[in-house]
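Undergrad: Take this sequence and fold it.
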Amino acid sequence: MKKHLKKIIFGLTLSVFAVSLAGCQDIRMWFKGFEESFKGLEMTIQTYDESSQVIDKITGKSILIERDETFDTNEESKDSSVIKISVGTKEMHHVGSSMIIAETGLENVFEEYTQTVDTENIQRGIPILNSMVNEKRNSFDGKKKVVLIRSQNGTPLATYAGDHVSLYKTDVPKSTGLLIDGEYLFIYRCDYTIYDLALIE
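TA: Below you'll find the predicted structure:
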């Protein structure tokens, strides 16, 4: 009887743990990084000029993005801005112009949102409490957000939106990683603004 009870308790504990992990953005992001390292992600790479015109576009089924450590000033600095991208068995390097790398499944919804935002919010809040809550939500479930991306001179070039959006640092300077509804978005050398969806609706 005791063994049977222990099995039930162990099973319930595992179930609760699995459910808690399923809702955790940080865990999803960890698995996404693991998948990228060992299998690669199916993604589309696009680079843009200052006027937000596409310079080139590459789609691959097994893509890995990393900082090219060869160009670090020294071993401790980790300051190389050169991106090394593996596309299947091939390789490319990039530095300088704006780049967006979007996992297959992410949709650029640029046309659905205005290119500029003019909003007013008079709701009061407690800034330090709001900051803590938002940080926890970023790690656990993400928030409904809209990501407006612009070229380095401020010309709009892409917009992404999702119900579960979280931001993450990457090891590449001047870049940001986002997890949008389970899909990975990598932004390099772009201006961007990320709004809570409720702020602009």
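
Undergrad: Every contact and neighbour count from this point should use C-alpha atoms.
TA: Noted.

Undergrad: List the contacts of Ser37.
TA: Leu64 (Cα atoms under 8 Å, 6 or more residues apart in numbering).

Undergrad: is it true that it lies in a strand?
TA: No: Ser37: not assigned to a strand; according to DSSP: H, G, I helix; E, B strand; the rest coil it is helix.

Undergrad: Pick out the residue closest to the middle of the chain.
TA: By Cα atoms, centre = their mean, the mean C-alpha position of the chain lies nearest to Leu178, the distance being 1.2 Å.

Undergrad: Please report how far it lies from Tyr188.
TA: Counting by Cα to Cα, to the nearest Å, the gap from Leu178 to Tyr188 is 12 Å.

Undergrad: Same question for Ser98.
TA: To Tyr188, Ser98 is 6 Å away according to Cα to Cα.

Undergrad: who's more crowded, the two?
TA: Taking other Cα atoms under 10 Å, Ser98 and Tyr188 do not tie; Ser98 has more neighbours (25 against 22).

Undergrad: Checking Asp26 next. Helix, strand or coil?
TA: Applying three-state DSSP: Asp26 is helix.

Undergrad: Same check on Gly154?
TA: Gly154 ends up coil, using three-state DSSP.

Undergrad: can you check the one 10 residues further on too?
TA: The local conformation at His164, judged by three-state DSSP, is strand.
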